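**Student:** Everything below, folded, please.
(one chain, ligands or ions: 1)
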Amino acid sequence: MGETICLIGFMGSGKTTVGEALAKKMGWNWVDLDAEIVKGEKNSIANIFAEKGEGYFRRLETQYLSKVLEEPKTIISTGGGVVVTPENIEMLVKNNTVYLNWEFDTLYERIASDKARPLVTSYEEVHARYKSRQVLYEAASKIRILCENKSVIQLVDEILEHIKIV
Ligand code: S3P
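**Tutor:** Just a heads-up that it's a prediction; the model follows:
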């Protein structure tokens, strides 16, 4: 197992932005799991969902996650649904996994008009998904960061404080 920090959380929680900033500050590599899948499969996430279905995407997600977890000194920004696959939770919990926890309304405002995210539907549906995933994010993570009203820099610093004592 490599030396990795994984960022998890719902769509719109800044896993990509915070991951990139954290990697820069630590001098580690940074990998965005969705971007790896897009690159490896030569297809967009929206197309993979539309052409092959969510189950197919989830299997790819597990394959790519297990591969990137072997990398040394790497920050991994995951996709929001990485925790719906129990096998992924088992892998994440063995690593330094950080849950970026935001209020639902903040997240929905950010993602509502994003056509690249196939699972963004009505407020009610996305809210139900958010609620059902809370327990999974908790189960998969060692560290939970309450993100509301904090800047990217503040979030990076807070993660670093926690990582020191893990
Ligand atoms: C998903 C989140 C997306 C992407 C896919 C499915 C989800 O990643 O992996 O659309 O199930 O929550 P982001 O969290 O980066 O949007």
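**Student:** how about the strand or helix carrying Met91, does it reach the ligand?
**Tutor:** Here Met91 sits within helix 86-93, counting by DSSP states H and E. No - Helix 86-93 is not in contact with the ligand by C-beta under 6 Å from any ligand atom; minimum separation 11.6 Å. No exception for glycine: its C-beta is placed from N, CA and C like everyone else's.
**Student:** what does the following helix or strand past that helix rub up against?
**Tutor:** Scanning forward in sequence from helix 86-93 by DSSP H and E, the next helix or strand is strand 96-101. Contacting residues not belonging to strand 96-101 are listed as 4-9, 13-15, 18, 137-138, 140-147, 155, 159, 162-163, 166 [C-beta atoms under 8 Å, 6 or more residues apart in numbering].
**Student:** From the contact counts, what lies against the one helix or strand Arg133 maps to?
**Tutor:** Assigned by DSSP H and E, Arg133 falls within helix 123-140. Judged by 3 or more C-beta pairs under 8 Å, 6 or more residues apart in numbering; DSSP states H and E, helix 123-140 is in contact with helix 86-93, strand 96-101, helix 104-111.
**Student:** and the second one with helix 123-140, angle?
**Tutor:** Right, strand 96-101. 150 degrees (axes from the mean of the first three to the mean of the last three C-alpha atoms, to 10 degrees).
**Student:** Which positions in the lowest-mean-pLDDT helix or strand in the chain come out as buried?
**Tutor:** When each helix and strand of the chain is scored by mean pLDDT, DSSP states H and E, helix 152-165 comes last, with a mean of 91. Buried residues in helix 152-165, counted by 16 or more other C-beta atoms under 10 Å: Leu155, Val156, Glu158, Ile159.
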